[in-house]
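Asks: Below: sequence and its predicted model.
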Amino acid sequence: DSGVTQTPKHLITATGQRVTLRCSPRSGDLSVYWYQQSLDQGLQFLIQYYNGEERAKGNILERFSAQQFPDLHSELNLSSLELGDSALYFCASSVGGAWTGELFFGEGSRLTVL
Amino acid sequence: DAKTTQPTSMDCAEGRAANLPCNHSTISGNEYVYWYRQIHSQGPQYIIHGLKNNETNEMASLIITEDRKSSTLILPHATLRDTAVYYCIAGSYGKLTFGQGTILTVHP
């Protein structure tokens, strides 16, 4: 158990819909990262937040957005969903102060778009 | 992040050492070498990282060549539970770029 909690574990929805994925980082971790893993693209970095502020951006679509709240939990919002958005979405956290090299990943949220 | 090259798959007998190679010839001076693994569809798990010195922890050893263009992850006594995809990443700080990794299969 990494200490990172993601909900929901599984989600099935239709094209055009909007969903929100939630992540609670390990206690004390200030940085949250979102990754997308699909069969054809591998594990892709989407976005990082540090203590409520966006810190780095990767291959995140404009239809996707994220935020980190004062209690440090984070949400990833996916809108106008397409079939190709079906994937495993992982959240990870790290201490955020001195970089230790270690990201702690949650178990992921599996999104299926029909 | 520098690009890394890993073999697509490797096999190892249980109880033997598993040596996983990685090439990162374009690594820059401030980039670390990280190793993570992913068992089935679980979240990736950190194994070890290093800059230029060899590193060892309770899970594995990391050997980095002097020119830093390649490295080897060593699992000293592989078990069936070490069967996973192993990712070698060259990068800095938290924005890590995962490649396709090496599928390590440990056989009884």
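Replies: Nice, thanks for sending it over. Numbering: from 1, shown residues only, chains lettered A, B, ... in the order given.

Asks: Give me the phi and psi angles of the residue nearest to A:Tyr50 when sequence neighbours are not counted.
Replies: What sits nearest to A:Tyr50 in space, not counting adjacent residues and going by CB to CB, 6 or more residues apart in numbering or on different chains, is A:Ser31, at 4.8 Å. (Glycine included, C-beta is placed from N, CA and C.) When read as degrees, to the nearest 10, the backbone of A:Ser31 gives phi -100, psi 140.

Asks: swap in the one 3 residues further on?
Replies: Its backbone dihedrals place A:Trp34 at phi -120, psi 140, with angles given as degrees, to the nearest 10.

Asks: so is the closest residue to chain A within chain B in a helix, a strand, or just coil?
Replies: Per CB to the nearest CB, B:Gly43 is where chain B lies closest to chain A, at 3.1 Å. Assigned by DSSP: H, G, I helix; E, B strand; the rest coil, the conformation of B:Gly43 is coil.

Asks: Run a quick check on it versus A:Leu103, I expect a contact.
Replies: No. Using CB atoms under 8 Å, B:Gly43 makes no contact with A:Leu103, being 9.3 Å away.

Asks: so what sits against both of the two?
Replies: A:Ala92 (CB atoms under 8 Å, 6 or more residues apart in numbering or on different chains).

Asks: all strands of chain A, in order?
Replies: In chain A, the strands defined using DSSP state E lie at A:5-7, A:10-13, A:19-24, A:31-38, A:42-50, A:53-57, A:64-68, A:74-78, A:87-94, A:104-105, A:109-113.

Asks: okay but B:Gly15 is in contact with B:Ala78, surely?
Replies: Yes. B:Gly15 lies in contact with B:Ala78 (CB under 8 Å); the separation is 7.0 Å.

Asks: higher neighbour count, these two?
Replies: B:Ala78 (21 against 11; other CB atoms under 10 Å in any protein chain shown).

Asks: quick one, what contacts the more buried one?
Replies: B:12-18, B:104, B:106.

Asks: tell me the contacts of whatever residue of chain A ends up closest to chain B?
Replies: Nearest to chain B in chain A, going by CB to the nearest CB, is A:Phe105, at a distance of 3.1 Å. Neighbouring residues of A:Phe105 by CB under 8 Å, 6+ apart: A:2, A:4, A:35, A:90-92, B:43-45.
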